[in-house]
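In: sequence first, predicted model second:
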Amino acid sequence: MFVHLHCHTEYSLVDGLLRIDDLVAATKQMGMPAVAITDQANLFAMVKFYKAALAAGVKPIIGSDIYIENSQQPDQPFKAIFLCQNIQGYKNLTKLISKSYLENQISGKAVVQKSWLQQYSAGLIVVANARESDIAKALLADQESIAAKLAAHWSALFVDRFYLGITRTGKNDEEEYNTSVLKFSAQHHLPLVALNDVCFMQADDYEA
């Protein structure tokens with residue numbers, strides 16, 4: 001059964017149109033047992049989402065789409081999806097988000113420094129955000145050795161809790177990345193997770 005693990009609600013402001021009640025209702029109607037919300041660098045919708053999902057008999061998965069520092073191009077951070085595995089993971093995610101807003105805003109974005117992850121990794125599952133992850137950028141630049149080092153670093157921080165995301169949404173470079181990541185995941189024994197970058201409910205909402 002497919003479960004959406006990358007949904008941006010109206011609490012992602014300019015990056016999402018999903019309303020919590022509509023998302024939960026659609027999830028239940030489609031027979032999906034669970035759904036994750038991963039708003040952009042925030043957990044504003046968490047309480048409302050948690051209550052609505054439980055009331056509907058849907059398992060709520062709490063997470064966030066996090067900006068990760070890019071030392072080469074600081075104003076173009078990478079992305080990774082952080083999902084809470086347990087209460088410790090939730091506490092660590094709140095700390096990472098708060099710390100990024102207080103200590104490391106870059107061009108209006110709250111960016112997590114990689115050095116913080118060692119301290120705040122417990123209880124968190126990480127999915128490299130498809131084309132926008134550091135690994136994806138390396139693969140698209142034909143820098144497989146760098147991608148391998150990055151993957152090893154993430155895998156060491158999040159043992160058995162690190163995944164490579166793959167999407168098919170028709171975006172630029174997507175098929176090129178998908179071809180590369182399928183080969184890369186097999187070579188390095190890294191599991192893949194199918195994602196969709198869900199920002200709206202119906203196709204007619206696309207223009208908005």
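Out: Alright, I've got the coordinates.

In: for the longest helix along the chain, give the mean pLDDT please.
Out: In terms of residue count, the longest helix belonging to the chain (DSSP state H) is helix 87-103. In this model, helix 87-103 has a mean pLDDT of 98.

In: the closest residue in space to residue 90 that isn't next to it in sequence: how many residues sit nearby?
Out: In this structure, residue 90 finds its nearest non-sequential neighbour in residue 84, 4.4 Å apart by CB to CB, 6 or more residues apart in numbering. To be clear about C-beta, it is placed using only N, CA and C from the backbone, and glycine gets the same treatment. By other CB atoms under 10 Å, the residues close to residue 84 number 23.

In: and the gap between residue 84 and residue 28?
Out: Here residue 84 is placed at a distance of 21 Å from residue 28 (CB to CB, to the nearest Å).

In: which element is residue 164 on?
Out: strand 162-166 (DSSP states H and E).

In: between the helix or strand following that strand and strand 162-166, how many degrees?
Out: Reading on from strand 162-166 to the C-terminus, the next helix or strand found by DSSP H and E is helix 174-188. For helix 174-188 against strand 162-166, the angle by axes from the mean of the first three to the mean of the last three CA atoms, to 10 degrees is 150 degrees.

In: helix, strand or coil for the most centrally placed residue in the chain?
Out: Residue closest to the mean C-alpha point of the chain, counted by CA atoms, centre = their mean, is residue 81 at 1.9 Å. Using DSSP: H, G, I helix; E, B strand; the rest coil, the structure places residue 81 in strand.

In: so where is the protein shaky, pLDDT-wise?
Out: 200-201, 205-208 (pLDDT under 70).
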